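Novice: What shape does this take:
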Amino acid sequence: MFGKKKVRRGAEIPSSSLADIAFLLLVFFLVVTTIDVDTGIGLVLPPPPDDTTPPPPIRERNLMKILVNNQGMVLINGQPTAVNDVRERVVNFVDNANRANDPDMSVSPQAAIVSIQTARQTPYEVYINMLDEVRGAYAELRDASSMAMFGMRYERYRATLASPADDVIRQMYPMNVSIAEPDPGN
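Specialist: Sure, this is the predicted structure:
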């Protein structure tokens, strides 16, 4: 009776509250973590057109048609163009009156319209890159004009304005971009 030793059991970590602690940590990290939300493409859209008024007439010369097909090819007025060349082509088209005065390009920057159309299966990355090039072309034109007139970049000039209506550079180079609906057949 006294000669028999008791067998000791090994020490165990109590795990009854482990599930509660894991749940509380999970809730804590869900509450504290911020999740980035895609904001989309920031474009200011014009008001919807009135159904009774017909669209204004547009001279073909003042319209640059950019098509991005479902293979990701960019076509400017039917000619294949690399995405990297879009900015230069838009700058030359919009500022034609101050540059080459080509009879096939826009009459003035105010009359120039860049029409962008895509197919339904257009790769999103190509579309965004092409749209960035078009916007970059207008930024380049505005910067050059602002430097020539005021000796400062356009964004700095814009910050000095009392109201957006006083923006002379934006009136010189309005961003007339039309984003057309994809063809239903594409």
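Novice: Quick check: buried residues in the biggest helix by length in the chain?
Specialist: In the chain, with assignment by DSSP state H, the single longest helix is helix 124-150. By neighbour count on 16 or more other Cβ atoms under 10 Å, the buried set for helix 124-150 is 126-127, 129-131, 133-135, 137-146. Bear in mind the C-beta positions are built from the backbone N, C-alpha and C, glycine included.
Novice: any low-confidence regions in the protein?
Specialist: Applying pLDDT under 70 to the chain flags residues 1-3, 44-46, 183-186.
Novice: Show me where the protein has its strands.
Specialist: Remark: strands assigned in the chain by DSSP state E are 63-68, 74-76, 79-81, 113-118, 177-180.
Novice: ok, and what's touching stretch 31-51?
Specialist: Contact with stretch 31-51 is made by Pro55, Ile128, Leu131, Ile179, as judged by Cβ atoms under 8 Å, 6 or more residues apart in numbering.
Novice: Recalculate using a threshold of 7 Å.
Specialist: The set of residues external to stretch 31-51 that reach it, using Cβ atoms under 7 Å, 6 or more residues apart in numbering, is empty.
Novice: repeat for stretch 141-153
Specialist: Under Cβ under 7 Å, 6+ apart, the answer for stretch 141-153 is Val91, Val94, Asp95, Tyr154, Tyr157, Ile169, Met172, Tyr173.
Novice: doesn't Asp167 make contact with the fourth one?
Specialist: To tie it back to what came earlier, the one meant is Tyr154. No. Using Cβ atoms under 7 Å, Tyr154 is not in contact with Asp167; the gap is 9.3 Å.
Novice: neighbour-wise, which of the two wins?
Specialist: Tyr154 (22 against 15; other Cβ atoms under 10 Å).
Novice: residues contacting that one?
Specialist: Tyr154 neighbours (Cβ under 7 Å, 6+ apart): Arg142, Asp143, Ser146, Ile169.
Novice: how about a cut-off of 8 Å?
Specialist: Counting by Cβ under 8 Å, 6+ apart, Tyr154 makes contact with Ala139, Arg142, Asp143, Ser145, Ser146, Ile169.
Novice: ok, it to Ala139 distance?
Specialist: 7 Å (Cβ to Cβ, to the nearest Å).
Novice: before we move on, what about Ser106?
Specialist: 18 Å.
Novice: Centre-most residue in this structure?
Specialist: Ile41 (4.4 Å; Cα atoms, centre = their mean).
Novice: Quick check: it vs Asp102, distance?
Specialist: Ile41 is 31 Å from Asp102, by Cβ to Cβ.
Novice: now do Arg158
Specialist: Counting by Cβ to Cβ, the gap from Arg158 to Asp102 is 30 Å.
Novice: So those two - more neighbours on which side?
Specialist: Between Arg158 and Asp102, counted using other Cβ under 10 Å, Arg158 has the larger neighbour count: 16 against 12.
Novice: What sits closest to the more buried one if chain neighbours are left out?
Specialist: Of all residues not flanking Arg158 in the chain, Asp167 sits nearest, at 6.5 Å (Cβ to Cβ, 6 or more residues apart in numbering).
Novice: Alright, calling it a day.
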